[in-house]
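> Generate a structure from the sequence data that follows.
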Amino acid sequence: MADAKILATIERTPTEQLQISVSEYKGKSYLNMRIFYTTDDGATWIPTKKGVTFTPEQLDLLSEAIEDAKKEFMAEAE
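Below is the predicted model:
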């Protein structure tokens, strides 16, 4: 697998983070969301099996779900 381009990192705990990245595998591009952990204060981040991968064709559906979630959360805050 080619090196992933990290788009965002969301800290979950001081030793765990969610990395959102794009990468290429066997000539196809993917969006990856995977939990990484560290045992050396963040010098090295190691991927776990916990994650999900999306094809470019699935991104519109993912984007719509995120927009729907944002609307739900805004409605709850009112």
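> Tell me which stretches of the chain form helices.
Secondary structure of the chain, counting by DSSP state H: helices at 59-77.
> least trustworthy helix or strand in it by mean pLDDT?
Every helix and strand of the chain was ranked by mean pLDDT, DSSP states H and E. The lowest is helix 59-77, at a mean of 93.
> Can you spell out which helices and strands pack onto that helix?
Of the remaining helices and strands, none touches helix 59-77 by 3 or more Cβ pairs under 8 Å, 6 or more residues apart in numbering; DSSP states H and E. Quick note: C-beta positions are derived from backbone N, CA and C, even for glycine.
> contacts for it?
Helix 59-77 is contacted from outside by 31, 54, using Cβ atoms under 8 Å, 6 or more residues apart in numbering.
> swap in stretch 27-46?
Outside stretch 27-46, the residues touching it (Cβ under 8 Å, 6+ apart) are 4, 12, 15-24, 47-48, 50-56, 59, 62.
> mean confidence score for it?
For stretch 27-46, mean pLDDT rounds to 96.
> Ends of it, what's the gap?
One end of stretch 27-46 sits 24 Å from the other (Cα to Cα, to the nearest Å).
> Show me how far that stretch is from its chain's centre.
Centroid displacement of stretch 27-46 relative to its chain, using Cα atoms, centre = their mean, to the nearest Å, is 9 Å.
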